[in-house]
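Asker: 3D model of this:
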Amino acid sequence: MSFADVSDMITAFVRLHQGWTAPIVFLLAFGESIAFLSILIPATVILLAVGALIGQANLPFLPIWLAAVLGATLGDWLSYWVGDRYKEGVARMWPLSRTPELLPRGYAFFQRYGWLGVFGGRFLGPLRASVPLVAGICAMPFWPFQTANLFSAVLWAFLMLAPGAYGIGWLEGWLG
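Answerer: Prediction:
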């Protein structure tokens with residue numbers, strides 16, 4: 001099954017079962033933020049599609065956005081915890097052992113930018129889940145990490161969902 005098939009299947013499920021939108025968005029954002037799962041889950045594309053469904057179906061934005069914020073925050077915190085707990089040993093764990101380039105790139109990014117790297121890493125595809133892991137490996141203090149984690153999750157979730165949620169209505173109004 002391809003990423004496109006998974007994306008289409010989840011989007012179709014959300015369209016038919018709108019009451020499950022917030023829990024599904026939570027799981028997608030959580031999976032997208034975990035170093036081990038983000039490699040396997042095409043969550044960014046699905047979250048953008050769910051944003052469009054929010055606009056088309058007039059679903060409430062706030063609870064779905066909060067679910068994305070919570071999922072992303074908890075996913076990064078878990079990646080941080082794994083890095084802090086297992087240190088460099090995570091490089092030998094599957095699936096990171098199959099993509100060895102992720103940790104050195106995340107490490108270089110974190111070493112160069114620190115707190116801002118944790119914040120900005122969320123917006124950079126492959127670094128999204130590896131930077132929190134590296135922050136844990138490097139023993140970044142907990143509260144500065146969580147501050148960057150939360151603020152970046154708030155903005156990231158908005159940027160994933162709002163264009164579709166609000167752009168559809170704007171575009172329909174603009175086109176008449």
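Asker: only C-alpha atoms for contact and neighbour calcs from this point on.
Answerer: Fine.
Asker: Tyr80 reaches Leu133, doesn't it?
Answerer: Yes - taking contacts as CA atoms under 8 Å, Tyr80 lies within contact range of Leu133: 4.6 Å.
Asker: so between the two, which is more surrounded?
Answerer: Leu133 (35 against 30; other CA atoms under 10 Å).
Asker: the more buried one and Ala29, how far apart?
Answerer: 16 Å (CA to CA, to the nearest Å).
Asker: from Val134, how far off is Glu88?
Answerer: Applying CA to CA, the value for Glu88 to Val134 is 9 Å.
Asker: so what does whichever strand or helix holds Val134 touch, helix or strand wise?
Answerer: Secondary structure assigned from DSSP states H and E places Val134 in helix 127-137. Contacting helix 127-137 under the criterion 3 or more CA pairs under 8 Å, 6 or more residues apart in numbering; DSSP states H and E are the following elements: helix 21-33, helix 61-86, helix 102-121.
Asker: try it again with 7 Å
Answerer: Where contact means 3 or more CA pairs under 7 Å, 6 or more residues apart in numbering; DSSP states H and E, helix 127-137 is packed against helix 61-86, helix 102-121.
Asker: could you check the angle helix 102-121 makes with that helix?
Answerer: Angle of helix 127-137 versus helix 102-121, following axes from the mean of the first three to the mean of the last three CA atoms, to 10 degrees, is 100 degrees.
Asker: closest to Leu48 out of the helices and strands packed on helix 127-137?
Answerer: Across the helices and strands packed on helix 127-137, the minimum distance to Leu48, taken as CA to CA, is reached by helix 61-86, at 11.6 Å.
Asker: how far off helix 21-33 does the closest one point, in degrees?
Answerer: Using the same axes, to 10 degrees: helix 61-86 against helix 21-33 is 30 degrees.
Asker: tell me the mean pLDDT over helix 61-86?
Answerer: Helix 61-86 comes out with an average pLDDT of 95.
Asker: distance between it and the chain's centre?
Answerer: With CA atoms, centre = their mean, to the nearest Å as the basis, helix 61-86 stands 8 Å off its chain's centre.
Asker: in that helix, what's buried?
Answerer: For helix 61-86, the neighbour count (16 or more other CA atoms under 10 Å) marks 61, 64-84 as buried.
Asker: run through the neighbouring helices and strands of it.
Answerer: Looks like helix 61-86 contacts helix 21-33, helix 127-137, helix 142-175 (3+ CA pairs under 7 Å, 6+ apart).
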